[in-house]
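# Give me a model of this one.
(one chain, ligands or ions: 1)
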Amino acid sequence: MNWTDFAGWGRRVADWAADYHQTLRQRPVRAQVKPGEILNALPEAPPELAEEMEKIFADFEKIVLPGMTHWQHPRFFAYFPANASPPSMLAEYLVTAMAAQCMLWQTSPAATEMETRMMDWLRQAVGLPGSFTGVIQDSASTATLAAVLTMRERALSWDGNKAGLSGQPRLRVYSSNEVHTSIDRAIWISGIGQDNLVRIPVNGPRRSMDPDALRAAIEADLAAGFRPAGIIACTGGTGVGASDDVGAVVTVAKDFGLYVHLDAAWAGAAMIVPEYRELWEGVDGVDSMVFNPHKWLGAQFDCSAHFVRDPEDLVRTLAIRPEYLKTHGHDGIVNYSEWSVPLGRRFRALKLWFLMRSYGLEGLRGRLRNHVDWSAALAERLRAEPDFEITSEPVLSLFSFRFSPEGARDLDTLNQRLVDTINDDGRIYLTQTLLDGAKVVRFQVGQFDCTQEDVAFAFDVITEIARNMETA
Ligand SMILES: *Cc1c(COP(=O)(O)O)cnc(C)c1O
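This next block holds a predicted model:
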């Protein structure tokens with residue numbers, strides 16, 4: 001393909017994209033294909049000879065599209081949102097066109113300096129103090145891994161990378177059971193080991209870590225000769241939005257000199273709205289925090305905002321600094337590859353610039369406030385129905401419910417069947433979770449094109465499908 005043909009195709013793809021988004025409501029939200037259907041439609045061997053783009057594009061529409069679950073569908077109420085707003089997509093087109101590797105300042109000064117400025121804009125937007133510095137990671141999982149590695153190195157007096165973990169004191173990390181599985185994986189990969197992730201019981205309506213139990217667990221570990229390294233708290237857990245009392249966790253951590261990492265991957269975006277910030281009260285005292293602008297805020301995946309109080313600790317943990325990388329530190333030059341596990345990095349800050357300028361913080365706040373209000377209204381409507389119960393109260397725009405008609409025996413099976421039937425129907429998309437061992441249905445509002453009518457429509461679909469089900 002030459003660049004003239006490329007320009008023509010670029011225009012065609014842009015037209016296709018606009019049309020796709022404008023007609024999404026006509027498509028089922030979750031893909032309706034069977035396992036293997038797409039695989040079997042793809043030739044077993046690669047082509048020896050060049051093919052026409054016209055034919056490749058036709059096959060994209062014919063083979064690929066039916067196998068897509070439409071995350072940008074306005075009636076996507078499953079998992080968490082992965083909003084790709086139009087300005088952020090345009091920035092990604094441009095980034096793709098330039099395709100730079102932005103690991104060092106000199107490999108693209110604009111990418112580095114834009115990242116520094118955008119992370120500071122985000123810091124101000126969510127109300128963090130100026131003592132925090134940010135870096136963009138590919139995912140919250142990576143940011144949490146970097147935090148756990150930092151905890152480990154700090155607890156081992158910076159000897160773990162060099163000497164390995166055998167012969168070292170047994171490290172311990174603390175979290176509740178409500179945290180995301182990325183915490184478990186960070187604990188495995190860091191060599192700390194699942195057995196040393198100590199689970200602290202939760203209590204209260206927010207399912208927060210019990211600070212007294214946390215303190216007791218640390219004291220017991222110290223008495224047993226173990227070495228506590230850090231605590232991972234969460235704001236807006238994945239299941240039902242569990243949120244720790246961050247201030248209380250920080251108080252305990254300070255008493256023992258422990259590192260605190262806060263996972264606010266989903267809920268952090270909502271902190272651009274001042275009245276929601278009480279959910280993470282005490283955040284000023286954590287050592288690091290991650291939230292994903294690629295979830296609710298509208299920045300196309302991937303874009304994870306990782307804030308640290310002390311970048312030196314992070315760089316000390318992750319920087320390799322071989323000869324060819326030695327440009328660090330001159331005239332305020334930053335090499336962000338020293339702040340993360342991968343060396344290569346994309347220019348991710350550009351979409352934040354396009355996004356924040358194009359909506360303004362006030363425009364973004366308005367969207368998030370709507371989602372929270374519409375979700376709360378739906379929870380109230382379901383609560384008022386005799387055969388539905390609200391199983392967890394709304395945390396921002398997330399709540400859970402259960403269909404529990406009189407006389408129904410196995411509610412877990414019934415509610416799983418409800419979720420499956422709704423998703424096979426395709427008009428909306430929901431997912432389930434386990435809450436204290438019981439199967440419940442999650443509902444979250446967050447897609448940028450979603451309207452109040454779409455949320456009201458979800459009520460109609462849920463109640464209609466539930467009442468048509470065999471319940472005995
Ligand atoms: C989505 C989510 C994650 C994982 O985010 P990735 O960016 O996909 O790694 C971690 N924690 C919470 C609370 C989440 O909601």
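# Could you list the contact residues of the stretch 251-400 of the chain toward the ligand?
D263, A265, W266, N292, S304 (CB under 6 Å from any ligand atom). (Each C-beta comes from the backbone N, C-alpha and C, glycine too.)
# Apart from its chain neighbours, what residue comes closest to the last one?
Nearest in space to S304, with sequence neighbours left out and distances taken as CB to CB, 6 or more residues apart in numbering, is Q137 at 4.3 Å.
# Likewise for the first one?
The shortest distance from D263 to any non-neighbouring residue, by CB to CB, 6+ apart, is to C234 (4.7 Å).
# list the contacts for the one residue sitting closest to the centre of the chain?
By CA atoms, centre = their mean, the chain has its centre lying nearest to A265, at 4.3 Å. Applying CB atoms under 8 Å, 6 or more residues apart in numbering, we find A265 in contact with F80, A140, H180, G236, T238, V290, F291, N292, K295, S304.
# Switch the residues you listed over to a markdown table; also include pLDDT, secondary structure and neighbour count.
Putting the contacts of A265 into a markdown table (pLDDT from 0 to 100; DSSP: H, G, I helix; E, B strand; the rest coil; neighbours: other CB atoms under 10 Å) gives the following:
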| residue | pLDDT | secondary structure | neighbour count |
| --- | --- | --- | --- |
| F80 | 96 | coil | 22 |
| A140 | 98 | helix | 25 |
| H180 | 95 | coil | 20 |
| G236 | 98 | coil | 29 |
| T238 | 95 | coil | 20 |
| V290 | 98 | strand | 26 |
| F291 | 98 | strand | 29 |
| N292 | 98 | coil | 27 |
| K295 | 98 | helix | 24 |
| S304 | 98 | strand | 26 |
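# So which of these is the closest to G366?
Among the contacts of A265, K295 lies closest to G366 (CB to CB), at 17.7 Å.
# Tell me how many other residues crowd V461.
Residues contacting V461 under the criterion other CB atoms under 10 Å number 16.
# my guess is it contacts Y429, does it?
No - using CB atoms under 8 Å as the test, V461 is too far from Y429 to be in contact (10.3 Å).
# Overlap in contacts, these two.
In contact with both V461 and Y429: I422, using CB under 8 Å, 6+ apart.
# coming back round to it: any idea of the pLDDT on the residue nearest to D263?
On the pLDDT scale, C234 is placed at 98.
# Specify which member of the residues of the stretch 251-400 of the chain next to the ligand is nearest to W3.
S304 (33.2 Å).
# so the closest one touches T144, yeah?
No - between S304 and T144 there is no contact under CB under 8 Å: 9.5 Å.
# Now do the helices in the stretch 301-450 of the chain.
311-318, 349-383, 411-425 (DSSP state H, counting those that start in this stretch).
# now these in a markdown table, with mean pLDDT?
As requested, the helices of the stretch 301-450 of the chain are exported to a markdown table (pLDDT from 0 to 100):
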| stretch | mean pLDDT |
| --- | --- |
| helix 311-318 | 92 |
| helix 349-383 | 98 |
| helix 411-425 | 97 |
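# As TSV, these with distance to N468 and mean neighbour count would be great.
Converted to TSV, these look like this (distance: least, CB to CB, whole Å; neighbours: other CB atoms under 10 Å):
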stretch	distance to N468	mean neighbour count
helix 311-318	54	18
helix 349-383	17	19
helix 411-425	8	17
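# Show me where this structure dips below the pLDDT cut-off.
322-331, 472 (pLDDT under 70).
# Most distant residue from the centre of it?
L49 (41.0 Å).
# tell me which element it falls in.
For L49, there is no host helix or strand (DSSP states H and E).
# what sits against it?
Applying CB under 8 Å, 6+ apart, no residues qualify as near L49.
# Kindly list the main-chain dihedrals of it?
Note on L49: its backbone torsions stand at phi -110, psi 150 [degrees, to the nearest 10].
# SS state for the residue nearest to C450 when sequence neighbours are not counted?
Nearest residue to C450, sequence neighbours excluded (CB to CB, 6+ apart): P74, at 4.4 Å. What DSSP: H, G, I helix; E, B strand; the rest coil gives for P74 is coil.
# Just give the number of residues close to P74.
20.
# Now do the same contact list for it.
By CB under 8 Å, 6+ apart, the contact set of P74 is L24, R25, Q447, D449, C450, T451, D454.
# does the fifth one really touch R75, like I thought?
Read it as C450. Yes - in this structure, C450 is within contact of R75 by CB under 8 Å, at 7.1 Å.
# Tell me the secondary structure at G167.
coil.
# how close does it sit to D159?
Computed as CB to CB, to the nearest Å, the G167 to D159 distance reads 10 Å.
# neighbour count winner among those two?
D159 (12 against 6).
# on that earlier part again, shared neighbours of S304 and T144, which are they?
What both S304 and T144 touch, as defined by CB under 8 Å, 6+ apart, is the set V290.
# Please indicate which of the contacts of P74 are buried?
Among the contacts of P74, the ones that count as buried by 16 or more other CB atoms under 10 Å are L24, Q447, D449, C450, D454.
# quick one, phi/psi of A408?
phi -70, psi 140.
# so it touches M469, yeah?
No - judged on CB under 8 Å, A408 makes no contact with M469 at a distance of 9.6 Å.
# Between those two, which contacts overlap?
By CB under 8 Å, 6+ apart, the residues touching both A408 and M469 are L414.
# returning to what we had before: would you turn the contacts of A265 into a markdown table with distance to Y20?
Shown next, in a markdown table, are the contacts of A265 (distance: CB to CB, whole Å):
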| residue | distance to Y20 |
| --- | --- |
| F80 | 22 |
| A140 | 28 |
| H180 | 31 |
| G236 | 30 |
| T238 | 28 |
| V290 | 31 |
| F291 | 28 |
| N292 | 24 |
| K295 | 21 |
| S304 | 26 |
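# Which one of those residues is nearest to V95?
Of the contacts of A265, the one sitting nearest to V95 (CB to CB) turns out to be S304, at 16.0 Å.
# Spit out the contact partners of that closest one.
Counted by CB under 8 Å, 6+ apart, S304 has contacts 136-140, 142-143, 265, 290-294.
# redo that, cut-off 6 Å
S304 is in contact with Q137, S139, A140, A143, V290, N292, counting by CB atoms under 6 Å, 6 or more residues apart in numbering.
# Reformat these as TSV; add distance to L355.
Listed next are the contacts of S304 as TSV, based on distance: CB to CB, whole Å:
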residue	distance to L355
Q137	17
S139	18
A140	18
A143	19
V290	18
N292	13
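# right, and V179 touches C234 too?
Yes - V179 is within contact range of C234, at 4.9 Å (criterion: CB atoms under 6 Å).
# Using PDB, write out every CA atom in stretch 98-113.
The C-alpha atoms that make up stretch 98-113 are tabulated as PDB, following Å, rounded to 0.1, in the frame of the first residue of the first chain:
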ATOM      1  CA  MET A  98       3.900   8.700  14.100                       C
ATOM      2  CA  ALA A  99       4.500   5.300  15.800                       C
ATOM      3  CA  ALA A 100       7.300   6.500  18.000                       C
ATOM      4  CA  GLN A 101       9.000   4.600  20.900                       C
ATOM      5  CA  CYS A 102       8.900   7.000  23.800                       C
ATOM      6  CA  MET A 103      11.200   5.300  26.300                       C
ATOM      7  CA  LEU A 104      13.700   8.200  26.700                       C
ATOM      8  CA  TRP A 105      13.300  11.900  26.700                       C
ATOM      9  CA  GLN A 106      15.400  12.100  23.500                       C
ATOM     10  CA  THR A 107      13.500   9.400  21.700                       C
ATOM     11  CA  SER A 108      10.600  11.900  21.700                       C
ATOM     12  CA  PRO A 109      10.800  15.000  23.900                       C
ATOM     13  CA  ALA A 110       7.300  16.000  23.200                       C
ATOM     14  CA  ALA A 111       5.900  12.600  24.400                       C
ATOM     15  CA  THR A 112       7.900  12.900  27.700                       C
ATOM     16  CA  GLU A 113       7.100  16.500  28.400                       C
END
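# Thanks a lot, see you next time.
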